[in-house]
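K.L.:
give me a model of this one.
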Amino acid sequence: DRIFRNRKDLRYHGKIHEQIRVPQGGRYTFIQAENMLSIFHTGYTKSAYKETGKLQRNIELLEWELEEDPENYMAWSYLGDAQKGSGDRDGAKESYKKALEGKDSGKIARQRYQDARTGLMGILSETAAQAESDEEILKLAEDYGYPSTDNPDPWFFLGLWHYNRNEMEEAREKFLQALEKLETFRSYDRVAAQGSMRQMYAWLAVACLRLKRPREVVRYCVLSLRMDRFQDKMLTSVLQLLMQEPGEGEKAEGTWGFLKGLYDLESARDLLFILKCARLAKFTALERRTMNELPEDIREELSKPEA
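P.N.:
The predicted structure follows:
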């Protein structure tokens with residue numbers, strides 16, 4: 001809640017991520033004002049972190065708050081986020097664990113509990129810590145509050161765990177299970193797998209490339225590129241495979257038609273990106289085709305010999 005009347009009984013509370021605390025028994029009217037107001041919150045961009053040292057400031061304020069109230073489980077969750085952002089994985093892991101203790105006491109909001117749970121599982125899957133088998137990862141998920149076997153997140157983190165252990169067949173299998181569960185999962189819970197779909201498709205593409213499944217590589221690269229078309233590694237991987245199709249090495253006709261479904265081939269920005277990836281893939285026929293489509297002034301600039 002960002003805008004409210006200037007009343008003495010409505011005040012922000014907390015040293016960080018302050019929130020309005022509404023007194024019990026009062027009568028208030030709340031208005032959904034999204035259509036009337038726009039708020040641009042840029043304080044958590046990477047540039048803001050760099051310029052202001054905000055992460056370290058947040059950590060110090062949260063540690064101060066927790067000295068005064070060690071059972072402030074919301075603050076433990078926020079501390080985990082700040083520590084993770086600063087690269088302190090061990091500190092974040094312990095803070096998230098502490099935050100999860102607050103569920104039974106009712107001293108942590110559902111959203112913050114979910115964020116702490118997701119953050120902790122993410123750290124464990126990235127570091128391959130505390131587990132030696134699928135069963136142990138799933139037991140950890142159960143311990144950290146994933147009661148539903150339909151929730152895709154444990155399978156997503158399990159896939160990431162295998163991926164980081166270079167176990168590509170297992171990673172592919174678990175990521176696919178996470179995607180299957182994501183299609184049917186209906187809940188108000190936050191779902192990490194949903195927010196990581198672009199990256200999950202990219203990991204699937206890499207896994208399938210290692211497993212020599214070229215059709216699946218193209219499929220998952222395309223799905224990832226549809227979410228963010230300016231991923232040079234993804235497009236380069238696709239081009240390297242398409243280049244091997246009969247006749248593509250000479251004219252790139254099929255590849256050009258394929259690219260029309262992903263890019264605006266009248267946009268100089270899109271064409272320059274395709275040109276970059278064609279060069280990385282050593283796809284000479286596509287490089288020539290792309291150069292011919294560029295505006296003349298850009299072609300001339302690119303054709304100038306380097307000084």
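
K.L.:
where does pLDDT dip in the stretch 51-200 of the chain?
P.N.:
51-53, 127-132 (pLDDT under 70).

K.L.:
tell me how many other residues surround residue 6.
P.N.:
Neighbour count for residue 6, taken as other C-beta atoms under 10 Å: 5. The C-beta positions use only the backbone N, C-alpha and C, and glycine is treated the same way.

K.L.:
which element, helix or strand, includes residue 78?
P.N.:
helix 73-86 (DSSP states H and E).

K.L.:
buried residues of whichever helix or strand comes after that helix, list them for me.
P.N.:
Heading C-terminal from helix 73-86, the first helix or strand you meet, by DSSP H and E, is helix 89-100. Across helix 89-100, burial judged by 16 or more other C-beta atoms under 10 Å covers 91-93, 95-96, 98-100.

K.L.:
also stretch 138-145?
P.N.:
Going by neighbour count (16+ other C-beta under 10 Å), the buried part of stretch 138-145 is 138, 140-141, 144-145.

K.L.:
got JSON lines for those residues, with distance to residue 297 too?
P.N.:
Shown next, in JSON lines, are these (distance: C-beta to C-beta, whole Å):
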{"residue": "138", "distance to residue 297": "58"}
{"residue": "140", "distance to residue 297": "58"}
{"residue": "141", "distance to residue 297": "56"}
{"residue": "144", "distance to residue 297": "57"}
{"residue": "145", "distance to residue 297": "59"}
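
K.L.:
of the residues you listed, which is the nearest to residue 298?
P.N.:
The closest of the buried residues of stretch 138-145 to residue 298 turns out to be residue 141 (C-beta to C-beta; 51.3 Å).

K.L.:
now, the buried residues of stretch 138-145 that are in helices?
P.N.:
138, 140-141 (DSSP state H).

K.L.:
CA atoms of stretch 285-305 as PDB?
P.N.:
Output in PDB follows, covering the C-alpha atoms of stretch 285-305 (Å, rounded to 0.1, in the frame of the first residue of the first chain):
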ATOM      1  CA  ALA A 285      25.300 -18.400 -46.300                       C
ATOM      2  CA  LEU A 286      23.100 -16.800 -43.600                       C
ATOM      3  CA  GLU A 287      25.700 -14.100 -43.000                       C
ATOM      4  CA  ARG A 288      25.500 -13.100 -46.700                       C
ATOM      5  CA  ARG A 289      21.700 -13.200 -46.700                       C
ATOM      6  CA  THR A 290      21.500 -11.100 -43.600                       C
ATOM      7  CA  MET A 291      24.000  -8.500 -44.900                       C
ATOM      8  CA  ASN A 292      21.900  -8.100 -48.000                       C
ATOM      9  CA  GLU A 293      18.800  -7.300 -46.000                       C
ATOM     10  CA  LEU A 294      20.500  -4.600 -43.900                       C
ATOM     11  CA  PRO A 295      20.100  -0.900 -44.800                       C
ATOM     12  CA  GLU A 296      22.800   0.300 -47.200                       C
ATOM     13  CA  ASP A 297      24.400   2.700 -44.700                       C
ATOM     14  CA  ILE A 298      24.800  -0.100 -42.100                       C
ATOM     15  CA  ARG A 299      26.200  -2.500 -44.800                       C
ATOM     16  CA  GLU A 300      28.800   0.100 -45.800                       C
ATOM     17  CA  GLU A 301      29.800   0.700 -42.200                       C
ATOM     18  CA  LEU A 302      30.100  -3.100 -41.500                       C
ATOM     19  CA  SER A 303      32.100  -3.500 -44.800                       C
ATOM     20  CA  LYS A 304      34.800  -1.000 -43.800                       C
ATOM     21  CA  PRO A 305      38.100  -2.500 -42.900                       C
END
